[in-house]
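Trainee: Sequence below, structure please.
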Amino acid sequence: MSSLFEAAGMERNAPRPLADRLRPESLATVIGQEHLLGENGLLTRMVAAGRLSSVIFWGPPGTGKTTVARLLAQVTDLDFVQLSAIQSGVQDLRKVFDAAKARREQGRGTLLFVDEIHRFNRSQQDAFLPHMEDGTITLVGATTENPSFELNSAVLSRSTVLTFRRLDHDALAELLVRAEEFEGRKLPLDDDARSALIDMADGDGRALATLAEDVLLATHKGVEKPLTREELTELVQRRAPLYDKSQDGHYNLISALHKSVRGSDPDAALYWLARMLAGGEDPLYIARRLVRMAVEDIGMADPVALVHANAAKDAYDFLGSPEGELALAQVTVYLATAPKSNAAYMAFNAATRTAREHGSYLPPKHILNAPTRLMKDEGYGAGYAYDHSQEGAFSGQNYFPDEMEREQFYKPTPYGYEEQVGKRLERWSKIRAERSGAGKAPGKGES
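Mentor: Reported below is the predicted structural model:
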């Protein structure tokens, strides 16, 4: 519904940011989403078929989600209604649904665009379902968060999730040219500064337009000497990297750091570490994750890795930023270049499953203490062999419950220190078999 200002044409003359003025006027001029809007794109096919189903737009800020929703309403001849989940409540939804019903009775459809749809709680999301099912609204939800975790399964089952990609360097460069054409003026930047401006936008078209506008406003027309990268940095505030430490960015980057360490790539690991620190992540959170990597992915291949990881955490705790961040960088390199083994991790998981399956079996009596006469009479401690008194300091007795067969949970890898551990366990296994008789599981009270 147009306001009185729009009807009078006054809004068109009001000051508007360059980012708003650069909005594409057709789907064909949207930049960077060719997989959706190209010749064989899914949205292109929907429009060509004349039937737009409810969709969820998932992607980072400044990639065109709102613009595409508006243009879809135009080409499908639907009334465009926009809501922000941050500013709207149940009453707002009811008004929108009532108005959509009234339009439907008049033969008109409604495209309801809900920005930040993941901010609605579960019951609010459920309110969309009947109106989506009967065609009262075509829902276009936009979210920067993973819909799998943030949206009701019922909403997802009635929608198609479309991923918007962050704008790459070429798309942003094209957008910058459009901005210059629109303003009738070239940005006074040398090639390196121009590339730096694109990097500052971090895949966000709206951010790039805002940065470009800042440069144009801060420089005079006819400037002869182009700005360098250093001069550009002084002129505009560098935008923080795209990273929300409480949402998807947080989990994506820590996953990238963890997998780079596991994959023995110190350079990639350092890059993701730097990205997280630059984005404002709590360094002690990173330190805790590095400790986890030391025990999960390196383990017995280099048991000292855990010592190094804990030392780095303590060093950061002692030094603080920025000095302590070097300790995190050092241990990141150490962990990435250490031999890898998840044998202890896998062994614990297997032992945990077995413990749950077998319930509350008691330990074999020969390894139980007998502080009272009654317990001695019951056979507690009978036949126990003190390992330090045995040949090779190894008795080979059974330590599993009598009701269980012996199982091997821990299977050492041939990497790093664990290779020695494997040889030691193999030797002990042979001794155990010899002392228990013909490979029979040792113990059962025997010494």
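Trainee: ok, now which ones touch the nearest residue to Arg122 once chain neighbours are set aside?
Mentor: Nearest non-adjacent residue to Arg122, counting by CB to CB, 6 or more residues apart in numbering: Asn152, 5.8 Å away. No exception for glycine: its C-beta is placed from N, CA and C like everyone else's. Residues counted as contacts of Asn152 (CB atoms under 8 Å, 6 or more residues apart in numbering) are Arg122, Gln125, Asp126.
Trainee: Out of the residues you listed, grab the one that's most surrounded.
Mentor: Most neighbours among the contacts of Asn152, by other CB atoms under 10 Å: Gln125, with 20 neighbours.
Trainee: Was I right to think it contacts Leu156?
Mentor: No: contact criterion CB atoms under 8 Å: Gln125 and Leu156 do not qualify, at 9.7 Å.
Trainee: Around Ala347, count how many other residues there are.
Mentor: Neighbourhood size, Ala347 [other CB under 10 Å]: 17.
Trainee: residues in contact with Leu277?
Mentor: Pro283, Ile286, Glu325, Leu328.
Trainee: Same check on Ala311?
Mentor: Residues in contact with Ala311 (CB under 8 Å, 6+ apart) are Ala327, Val331.
Trainee: In the stretch 151-300 of the chain, mark out all the helices, start to finish.
Mentor: Along the stretch 151-300 of the chain, counting by DSSP state H, counting those that start in this stretch, helices occupy 153-157, 169-183, 191-201, 205-218, 229-235, 248-262, 266-278, 283-293.
Trainee: sorry, back to before: list phi and psi for the residue nearest to Arg122.
Mentor: phi -60, psi 140 (degrees, to the nearest 10).
Trainee: Next one, pLDDT for it please.
Mentor: Asn152 is assigned 91 on the pLDDT scale.
Trainee: Distance of it relative to Glu180?
Mentor: Distance of Asn152 to Glu180, given as CB to CB, to the nearest Å: 44 Å.
Trainee: same deal with Ala207?
Mentor: Computed as CB to CB, the Ala207 to Glu180 distance reads 17 Å.
Trainee: If you count surrounding residues, which of the two has more?
Mentor: More neighbours surround Ala207 than the other of Ala207 and Glu180, with 19 against 14 (other CB under 10 Å).
Trainee: quick one, what contacts the closest residue to that one other than its chain neighbours?
Mentor: In space, Ala207 comes closest to Ala201 once its chain neighbours are excluded; the distance is 4.5 Å by CB to CB, 6+ apart. Neighbour list for Ala201: Gly62, Leu167, Leu172, Ala207, Leu208, Leu211, Arg239 [criterion: CB under 8 Å, 6+ apart].
Trainee: if you set the cut-off to 7 Å instead, what comes out?
Mentor: Contact partners of Ala201, counting by CB atoms under 7 Å, 6 or more residues apart in numbering, are Leu172, Ala207, Leu208, Leu211, Arg239.
Trainee: Now flag whichever of those residues is closest to Leu83.
Mentor: For these, the minimum distance to Leu83 (CB to CB) is 23.7 Å, reached by Ala207.
Trainee: ok, the closest one touching Thr63?
Mentor: No: in this structure, Ala207 is not within contact of Thr63 by CB atoms under 7 Å, at 10.7 Å.
Trainee: got any ranges where the stretch 201-350 of the chain has weak pLDDT?
Mentor: The stretch 201-350 of the chain contains residues with pLDDT under 70 at 221-224, 237-249.
Trainee: try 80
Mentor: Regions of the stretch 201-350 of the chain meeting the criterion pLDDT under 80 cover residues 220-224, 237-250, 279-280.
Trainee: mind checking how far the closest residue to Glu231 other than its chain neighbours is from Met346?
Mentor: Spatial nearest neighbour of Glu231, chain neighbours left out: Ala193 (7.1 Å); criterion: CB to CB, 6+ apart. Using CB to CB, we find Ala193 at a distance of 52 Å from Met346.
Trainee: Looking at these two, which has the bigger crowd around it?
Mentor: Of the pair Ala193 and Met346, Ala193 is the one with more neighbours under other CB under 10 Å, namely 21 against 15.
Trainee: Am I right that that one is in contact with Glu234?
Mentor: No: contact criterion CB under 7 Å: Ala193 and Glu234 do not qualify, at 11.0 Å.
Trainee: Is it correct that Pro363 is in contact with Pro401?
Mentor: Yes: contact criterion CB under 7 Å: Pro363 and Pro401 qualify, at 6.4 Å.
Trainee: Not including adjacent chain positions, what is the nearest residue to Leu167?
Mentor: Leaving aside its sequence neighbours, Leu167 sits nearest to Gly32 (CB to CB, 6+ apart; 4.2 Å).
Trainee: what about the one you found, which SS state?
Mentor: Put simply, Gly32 is coil when judged by DSSP: H, G, I helix; E, B strand; the rest coil.
Trainee: go on, Leu374?
Mentor: Three-state call for Leu374 (three-state DSSP): helix.
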